[in-house]
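[1] generate a structure from the sequence data that follows.
(one chain, ligands or ions: 2)
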Amino acid sequence: MKIALLGYGKMGKTIEQIALERGHAIILKVGKNDKNYDLTSADVAIDFSIPDAAVENITRCFEASVPIICGTTGWLDHFEEMVSLCHQKKGAFIYASNFSLGVNLYFELNKKLAQMLKPLDTYAVAIEEIHHLQKLDAPSGTAITLAEDIIANSDTTNWFLKDTTDTIATNGIPITAKREPEVPGTHTVQYTSQVDTIEIKHTAHNRNGFALGAIVAAEWLQNKTGVYTMKDVLGL
Ligand SMILES: NC(=O)C1=CN([C@@H]2O[C@H](COP(=O)(O)OP(=O)(O)OC[C@H]3O[C@@H](n4cnc5c(N)ncnc54)[C@H](OP(=O)(O)O)[C@@H]3O)[C@@H](O)[C@H]2O)C=CC1
Ligand SMILES: O=C(O)C1=N[C@H](C(=O)O)C[C@H](O)C1
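    Ligands and ions are numbered 1, 2, ... in the order given. Below is the predicted model of the structure:
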């Protein structure tokens, strides 16, 4: 595949390395100062940029009829808008808050655990995410996916970022976002009762899993149109 990288930071560089190992070519690297780039010769674009740039980048891909894989988090208020535009332009689009195989298995485990605990009112659920100091958004996209999957499979109704909100609704899931040097991404879902704690945790050791997942998704999306998820890609 001829790949356009929209965002050439920590993730863009990791994707480049793994894409070259898999026999792909990087034909374009876009940073914040590149405004007039031409996408037309790309087989796919992979966006790992910043929250404020994602919507414009995705839109440019639809306009240029280039399939787009988006891993950028923190822009989801506009997700339905991008889905509609994709259908209107007959584009191809995959967004995932986390592209790693391990986290996508962890997402399934999280849903199953929420279903199992739904009949019990003795456990209180909480989520914690830890990331490196450069991360722009909080809570992480992965933590939001975990919370939304718990809400869909339990009697909880909302989530909130702990310590930054003073309106704590009942049945809400508290999310704690910690920032520590060099942490690629650690997520914990914890259920606590008076007598015990049940905890599921995913720890990324580096960024290679995210990058490989995004490239596998790009390979899978070739010659397709529509909006898909990593569940479709991985057959989960
Ligand atoms: N879904 C997933 O699996 C994962 C998602 N992420 C997400 O990916 C995003 C990027 O993460 P990471 O690589 O660590 O971040 P970095 O800060 O290392 O890289 C972001 C890059 O985006 C570039 N950029 C800024 N504006 C634009 C623009 N308008 N168009 C294109 N590129 C632009 C910056 O360029 P410049 O250098 O010129 O400023 C920078 O190099 C984040 O939102 C993060 O949350 C991260 C890991 C996994
Ligand atoms: O910013 C990051 O680094 C990461 N962002 C994603 C998120 O917000 O969930 C995925 C991963 O945890 C790394």
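
[2] every contact and neighbour count from this point should use C-alpha atoms.
    OK.

[3] any stretches of this structure with poor pLDDT?
    Residues of the chain meeting the criterion pLDDT under 70: 164-170.

[4] hmm, try it at 50
    In the prediction, the chain carries no residues with pLDDT under 50.

[5] mind checking which residue lies nearest the centre of it?
    Ser97 (0.9 Å; CA atoms, centre = their mean).

[6] which secondary structure state does it sit in?
    coil (DSSP: H, G, I helix; E, B strand; the rest coil).

[7] interface residues of this structure facing ligand 2?
    73, 97-98, 135, 140-142, 184-185 (CA under 6 Å from any ligand atom).

[8] show me what counts as buried in stretch 29-47.
    29-30, 39, 42-47 (16 or more other CA atoms under 10 Å).

[9] one more: stretch 50-62?
    Buried-residue list, stretch 50-62, by 16+ other CA under 10 Å: 50, 53-55, 57-62.

[10] what's in contact with it?
    6-7, 39, 45, 47, 67-68, 70, 72-75, 78, 82, 85-86, 89-92, 136-137 (CA atoms under 8 Å, 6 or more residues apart in numbering).

[11] now, of these, which are buried?
    6-7, 39, 45, 47, 67-68, 70, 72-74, 82, 85-86, 90-92.

[12] follow-up on the earlier one: out of the buried residues of stretch 50-62, which sit inside helices?
    53-55, 57-62 (DSSP state H).

[13] of those, which are in range of ligand 1?
    By CA under 6 Å from any ligand atom, the members of those lying near ligand 1 are Ala53.

[14] check which helices and strands the longest helix belonging to the chain is in contact with.
    Ranked by residue count, the top helix of the chain under DSSP H comes out as helix 101-117. When contacts are defined as 3 or more CA pairs under 8 Å, 6 or more residues apart in numbering; DSSP states H and E, helix 101-117 packs onto helix 141-152, strand 197-203, helix 208-221, helix 230-234.

[15] I'm done for today, thanks for sticking with me.
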